[in-house]
Each structure stands twice: as structure tokens, then as C-alpha cells.
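prediction below, plus the sequence it came from.
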Amino acid sequence: MGLIDHSAARHIANAWLNAFNDHRADLVVEHFAEDVTATSPAIAMLRPQSGGTLRGKPEVLAFYEEGLQRVPDLQFRLVEVLTGIDQVTIVYHNQRQTLVAETLTLGPDATVRAVHVTYGPTPT
């Protein structure tokens, strides 16, 4: 894919954000590769046996569905969209006002091959 165009990245970020805010995990993973990996501190906390990484679209979808059920007030507010080589980073605030960065690595066919999530401190 190479360097991701910023307008394309913003489109990806908005679709991703809308899917989460609409509580539609199926739409979040719609453009994920079947062998996608997802790494996150939330995964490590809720699925300790995973080591913080899930593998495969069905496993990631199940995790997102569970997360949306556990957090019915989940809402993400976009802060910025960053682009890189084969990557889009979506920076947002979650419903607790925690700053989050979610990096999507895209394959040659534009499907999401990997997701990496990092969190800032939760405001008190």
C-alpha cells in the first residue's frame, strides 16, 4: 500500500468511529482480514490467557461484541487521524475521556491486518 493518503485515512477513521459509536461490532471488523491480529491492554485485562493479543476475525469480533455489551455508554470522539506507511492511527477520547491511539495496519488489498491500541492516563 505504501504511504496512506490522508483523505482516505480520514474516511477509514470516520467509518470505524461511526461503527463503534453505533455499537456495531460487525461493521468495525467488516474490512478486517480473516487472520487479523489485535493487541491491546484491554484484551490483556479481559482475556489474560491471550497475552494481550487476539488472532483471527471471529476472535476479535467476539471481543468487540463483549466490550460493547460491557460498556453500553461507549462513545468515541475523534481527536486526530495520522497516516504512515501502510498504517492509519486514529486518536480519540473514549467515554471516560481517556486519550486512545488505535493503529490499523493495512495489507496490499486494503484490509486491516493488525490493530494496536495504546492508552493515555484516565482523567480522575
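In hand now; what should we look at? Numbering: from 1, shown residues only.

thought residue 52 was touching residue 43?
Yes: A contact is recorded between residue 52 and residue 43 when judged using C-beta atoms under 8 Å, the distance being 5.1 Å. The way it works is simple: take the backbone N, C-alpha and C, and place the C-beta from them, glycine included.

contact partners for residue 16?
Remark: with contacts taken as C-beta atoms under 8 Å, 6 or more residues apart in numbering, residue 16 is in contact with 28, 90, 102, 104.

quick one: pLDDT of it?
Listed pLDDT for residue 16 reads 95.

can I get the one helix or strand it maps to in CSV, CA atoms only?
For residue 16, the element it lies in under DSSP states H and E is helix 6-21. Output for helix 6-21, consisting of C-alpha atoms alone and laid out as CSV, is shown next (Å, rounded to 0.1, in the frame of the first residue of the first chain):
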residue,chain,number,x,y,z
HIS,A,6,-4.8,11.5,4.4
SER,A,7,-8.3,11.8,2.9
ALA,A,8,-8.5,8.0,2.6
ALA,A,9,-7.3,7.7,6.2
ARG,A,10,-9.9,10.1,7.4
HIS,A,11,-12.6,8.1,5.6
ILE,A,12,-11.4,4.9,7.3
ALA,A,13,-11.3,6.6,10.7
ASN,A,14,-14.8,8.0,10.4
ALA,A,15,-16.3,4.7,9.3
TRP,A,16,-14.5,2.9,12.1
LEU,A,17,-15.6,5.6,14.7
ASN,A,18,-19.2,5.5,13.5
ALA,A,19,-19.4,1.7,13.7
PHE,A,20,-18.1,1.8,17.3
ASN,A,21,-20.4,4.7,18.3
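
give me the contacts around the very next helix or strand once past it.
Sequence-wise, the next helix or strand downstream of helix 6-21 (DSSP H and E) is helix 25-28. Contacts of helix 25-28 from elsewhere in the structure, counted by C-beta under 8 Å, 6+ apart, are 15-16, 18-20, 61, 64-65, 67-68.

please consider this matter closed, and thank you.
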